[in-house]
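[1] please find the sequence and the predicted model below.
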Amino acid sequence: MADGAFDKLAAARAEAWSTPLEQINPADPARFRDNTFWPFFERLRQEDPIHYTAESEWGPYWSVTRFDDIVAIDTNHEVFSSDAHLGGITIRDMDDDFILPMFIAMDRPKHDVQRKTVSPSVSPARLMELEPIIRERVCRLLDELPIGEEFNWVDRISIELTTQMLATLFDFPFEDRRKLTRWSDVATAIEGSGIIESEDQRRAELLECLEYFTGLWNERINAPPGNDLISMLAHGEHTRNMEPMEYLGNLILLIVGGNDTTRNSLTGGLLALNENPDQYDKLRADPSLIPSMVSEIIRWQTPLAHMRRTALRDFEMGGKTIKKGDKVIMWYVSGNRDASVIENADAFIIDRERPRHHMSFGFGIHRCVGNRLAEMQLRIVWEEVLKRFPRIDVVGEPTRVYSAFVKGYETLPVVIPAKI
């Protein structure tokens, strides 16, 4: 950690422990951009694990910060709703006149049948088909990297690999694949973040996404059923009659789910190894640790910082009363650092005894449908990196995303040293 980043974190720690509890707003996106949010969650876990923020740019909301409490809410589908019409799954409410239903933002029974429609795209048999395709692409991307010259790992590897994978899952025109990256960023961006400047711009670009994918839908509905996501939706019994905004909603879910999560874990993992050189040494000495390390990277990064639910009735938790209609934020990024559940939770340890014991994929019916695909992509990348490069050096501070939802990166400057 550079001196400037260390000073910022020290200042944040002083602020976190001196601010009156009722004034703490853990969803400040500036803290996520600066990576200074950690001490605020540390204090909340210790002193106020079911915390109410009365005023914020997102309106009033509850923060749930401990691992077991988050699991309890994430699996209580009768009391805590994901429904888009109640606000959806992020702290930022969906606008009343631009609601995008999607199966992660639905409750049972509709959620279950729509999820089941697309789940064959990441079945074990499909993953076996995809593995050699992913490996071939990883090898090509790695072999094209410059040696001894600085480049942006986020763009050259993290974005490019995940965008190619998305294009394959959708059977999307390969030459237009960066449109998927753009639509993913637009869907989750905050106004004024440098990605979009207004809500009108977001809507306009997402409607362009709908128009493009409507053309693909029309092609697939008039062809025999295929194994790509658009064909599955177009021919699925429970999805073929979707309204346009519901189709767009599910597209955005699949694009963001397949893009932001893997992409930011690919970057976060390289950063974590550079910040913890003893673990990098351990990995080089024993590449069989890669599967365990992949799970630790996903915990450490927590690529989506939170998920949101809306209370369907009054509910008592931790001595507090969550009222019907209240917004409840499950801070996965905090639960993954809960030392009462995860031993030495603030340390990056690639050979943990229970590496998959984390909450980055969520729990209950909304657990990430593509979690095995994400793990496979990360595993293949690190298998192929270790075959080629003794190390990849981070040579500057990353630029992080201005968001309390997507915990990610815009840039990570790196150099692959020339072999001596």
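    Structure's in. What do you need?
[2] so residue 299 sits right up against residue 358, yeah?
    Yes. Shown here, residue 299 and residue 358 form a contact pair, counting by C-beta atoms under 8 Å, at 3.5 Å. Using the backbone N, CA and C atoms, a C-beta is placed for each residue, glycine as well.
[3] the strands in the chain, which residues?
    In the chain, the segments counted as strands under DSSP state E are 50-53, 61-64, 80-81, 151-152, 307-311, 315-317, 320-322, 327-330, 393-394, 399-400, 409-411, 413-415.
[4] export those strands as a markdown table, with columns for mean neighbour count and mean pLDDT.
    Below are these laid out as a markdown table (neighbours: other C-beta atoms under 10 Å; pLDDT from 0 to 100):
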| stretch | mean neighbour count | mean pLDDT |
| --- | --- | --- |
| strand 50-53 | 20 | 97 |
| strand 61-64 | 24 | 98 |
| strand 80-81 | 22 | 92 |
| strand 151-152 | 17 | 97 |
| strand 307-311 | 23 | 93 |
| strand 315-317 | 15 | 96 |
| strand 320-322 | 16 | 96 |
| strand 327-330 | 24 | 96 |
| strand 393-394 | 16 | 97 |
| strand 399-400 | 17 | 95 |
| strand 409-411 | 19 | 95 |
| strand 413-415 | 19 | 98 |
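[5] let's have the ones you listed in TSV, adding distance to residue 38.
    Formatted as TSV, the strands of the chain follow (distance: least, C-beta to C-beta, whole Å):
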stretch	distance to residue 38
strand 50-53	15
strand 61-64	14
strand 80-81	26
strand 151-152	25
strand 307-311	19
strand 315-317	24
strand 320-322	23
strand 327-330	16
strand 393-394	19
strand 399-400	13
strand 409-411	17
strand 413-415	23
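[6] find the nearest non-adjacent residue to residue 62, please.
    residue 328 (4.7 Å; C-beta to C-beta, 6 or more residues apart in numbering).
[7] one more: residue 294?
    Closest to residue 294 by C-beta to C-beta, 6+ apart is residue 378, at 4.4 Å.
[8] longest helix in the protein, please.
    helix 244-275 (DSSP state H).
[9] now that helix, how far from the centre of its chain.
    The chain centroid and the centroid of helix 244-275 are separated by 5 Å, computed with C-alpha atoms, centre = their mean, to the nearest Å.
[10] and it, what's its mean pLDDT?
    For helix 244-275, mean pLDDT is 88.
[11] dig out what the residue nearest to residue 62 forms beta bridges with.
    Taking DSSP bridges as the rule, residue 328 bridges to residue 62, residue 309.
[12] which residues of the stretch 251-400 of the chain fall in helices?
    Using DSSP state H, counting those that start in this stretch, the helices of the stretch 251-400 of the chain run over 277-285, 290-301, 332-335, 371-388.
[13] and if you look at the stretch 1-150 of the chain?
    3-18, 29-34, 38-47, 67-74, 110-118, 124-143.
[14] right, and the residue nearest to residue 62 touches residue 61 too?
    Yes. With contacts counted by C-beta under 8 Å, residue 328 reaches residue 61, the gap being 7.2 Å.
[15] now for the two: what residues contact both?
    Counting by C-beta atoms under 8 Å, 6 or more residues apart in numbering, the common neighbours of residue 328 and residue 61 are residue 308.
[16] out of the helices and strands in the chain, which is least certain?
    Every helix and strand of the chain was ranked by mean pLDDT, DSSP states H and E. The lowest is helix 110-118, at a mean of 68.
[17] which of the residues in stretch 349-367 are buried?
    349-350, 352, 355-356, 358-363, 365-366 (16 or more other C-beta atoms under 10 Å).
[18] send the alpha carbons of it over as CSV?
    Below are the C-alpha coordinates for stretch 349-367, written out as CSV (Å, rounded to 0.1, in the frame of the first residue of the first chain):
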residue,chain,number,x,y,z
ILE,A,349,-4.6,-16.7,2.9
ILE,A,350,-4.6,-18.9,-0.2
ASP,A,351,-4.6,-22.3,1.6
ARG,A,352,-7.4,-21.8,4.1
GLU,A,353,-9.0,-24.9,5.5
ARG,A,354,-12.5,-23.9,4.3
PRO,A,355,-11.8,-21.6,1.3
ARG,A,356,-15.4,-21.7,-0.1
HIS,A,357,-16.9,-20.5,3.2
HIS,A,358,-17.7,-17.0,2.1
MET,A,359,-20.7,-15.0,1.0
SER,A,360,-19.6,-13.4,-2.3
PHE,A,361,-22.1,-15.6,-4.1
GLY,A,362,-25.0,-15.0,-1.8
PHE,A,363,-27.2,-17.6,-0.1
GLY,A,364,-30.6,-19.1,-0.6
ILE,A,365,-32.6,-19.1,-3.8
HIS,A,366,-30.6,-16.2,-5.2
ARG,A,367,-27.2,-17.8,-4.8
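[19] could you measure from residue 77 over to residue 302?
    From residue 77 across to residue 302, the span is 22 Å (C-beta to C-beta, to the nearest Å).
[20] quick one: which of the two has more around it?
    For residue 77 versus residue 302, neighbours defined as other C-beta atoms under 10 Å are more numerous around residue 302 (23 against 17).
[21] for the nearest residue to the more buried one once chain neighbours are set aside, what are its contacts?
    Closest residue to residue 302 apart from its sequence neighbours, by C-beta to C-beta, 6+ apart: residue 333 at 4.3 Å. By C-beta under 8 Å, 6+ apart, the contact set of residue 333 is 37, 41, 302, 305, 306, 407.
[22] test my guess that the second one contacts residue 27.
    No. The pair residue 41 / residue 27 is not scored as a contact, 10.8 Å apart, by C-beta under 8 Å.
[23] give me the low-pLDDT residue ranges for the stretch 101-250 of the chain?
    101-115, 121 (pLDDT under 70).
[24] hmm, try it at 80
    Residue ranges of the stretch 101-250 of the chain with pLDDT under 80: 101-122, 192-193.
[25] re earlier: who touches both of residue 299 and residue 358?
    With C-beta under 8 Å, 6+ apart as the test, residue 299 and residue 358 both reach 336, 342.
[26] any chance of JSON lines for the helices of the stretch 251-400 of the chain, columns distance to residue 47?
    Listed next are the helices of the stretch 251-400 of the chain as JSON lines, based on distance: least, C-beta to C-beta, whole Å:
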{"stretch": "helix 277-285", "distance to residue 47": "31"}
{"stretch": "helix 290-301", "distance to residue 47": "24"}
{"stretch": "helix 332-335", "distance to residue 47": "13"}
{"stretch": "helix 371-388", "distance to residue 47": "32"}
